[in-house]
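A.B. asks: Okay, here's the prediction I keep looking at, along with the sequence it came from:
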Amino acid sequence: MSRRGAGTAARAASTVPLPEPVLRPPEPAHDVDLAALAADLRADVDGEVRFDAGSRAAYATGGSNYRQVPLGLVVPRTVDAAVAAIAVCRRHGVPVLSRGGGTSLAGQVTNVAVVIDWSKYCNRLLAVDRAARTCLVEPGIVLDTLNELLAPDGLEFGPRPSTHNHCTIGGMLGNNSCGSTAQHTGKVV
């Protein structure tokens, strides 16, 4: 018997029958009063609250093939506004999805949830400690923007995914991004 035939025979002999998969019926639909949710978000959140079909469609996708139409969208003007949005969503029992540049490749930026988009307003470098080689940023700051701002201090946030010119630091943290510099700088973690 050839080597190739021996390997095939060994695999066939070691095949273990698997049990049938467990199939669960879909969870019952959670009835969400979208009008009440949107009204409460508008009352409590300093930011844009969008529940129109166009905004929901625009946020139904990102850098992947996955598609999920969100319940609505919040674009907070401050981090405290995002905290207020999360409190409203908790009261209504709806999930929240944090989003930056929408560059994730495995569907992380899509869900049937209230999407919080940090990239429009919460995108600042707040402080730099050159001696400690650290900085404090808001989650919506784009990687290339951050590195341009850090360059005068001789600092750089090392991981560089292919989407470096539009991915945000918050998204990079959520994804544990790396990229072409991973061998030199490591991953975000």
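C.D. replies: Here it is on my side, so go on.
A.B. asks: Residue 97 in helix, strand or coil?
C.D. replies: strand (DSSP: H, G, I helix; E, B strand; the rest coil).
A.B. asks: List the contacts of it.
C.D. replies: 70, 109-111, 113-116 (Cβ atoms under 8 Å, 6 or more residues apart in numbering). C-beta here means a position set from N, CA and C on the backbone, and glycine is covered the same way.
A.B. asks: change it to 10 Å
C.D. replies: Residue 97 is in contact with 59, 68, 70-71, 73, 89, 108-117, counting by Cβ atoms under 10 Å, 6 or more residues apart in numbering.
A.B. asks: Residue 57 now?
C.D. replies: So residue 57 contacts 67, 69-70 (Cβ under 10 Å, 6+ apart).
A.B. asks: Among the contacts of residue 97, name the buried ones.
C.D. replies: 59, 68, 70-71, 73, 89, 108-111, 113-117 (16 or more other Cβ atoms under 10 Å).
A.B. asks: In the residues you listed, find the pair that's most separated.
C.D. replies: Pairwise distances across those (Cβ to Cβ) peak at 18.1 Å, for the pair 89 and 108.
A.B. asks: Show me what counts as buried in stretch 136-146.
C.D. replies: 137-143, 145-146.
A.B. asks: sorry, that was for stretch 156-169
C.D. replies: 156-157, 159-161, 163-164, 166-169.
A.B. asks: got it, and stretch 176-189?
C.D. replies: 177-179, 188.
A.B. asks: Let me know the next secondary structure element after the helix or strand bottoming out on mean pLDDT in the chain.
C.D. replies: When each helix and strand of the chain is scored by mean pLDDT, DSSP states H and E, helix 3-13 comes last, with a mean of 54. Once the chain leaves helix 3-13, the next helix or strand it forms, by DSSP states H and E, is helix 34-44.
A.B. asks: Give me the buried positions along that next one.
C.D. replies: 37-38, 40-41.
A.B. asks: So of the residues you listed, which two are at opposite extremes in space?
C.D. replies: The two members of the buried residues of helix 34-44 with the most space between them (Cβ to Cβ) are 38 and 40, at 7.4 Å.
A.B. asks: what residues do these two have in common as contacts?
C.D. replies: Shared contacts of residue 38 and residue 40, counting by Cβ under 10 Å, 6+ apart, come down to 49, 88.
A.B. asks: which stretches of the chain aren't confidently modelled?
C.D. replies: Low-confidence segments of the chain, defined by pLDDT under 70: 1-14, 24-30.
A.B. asks: That one: helices as residue ranges?
C.D. replies: 3-13, 34-44, 53-58, 79-92, 143-150, 169-175, 182-185 (DSSP state H).
A.B. asks: List of residues touching the shortest one?
C.D. replies: By Cβ under 10 Å, 6+ apart, the residues outside helix 182-185 that reach it are 156-161, 178-179, 188.
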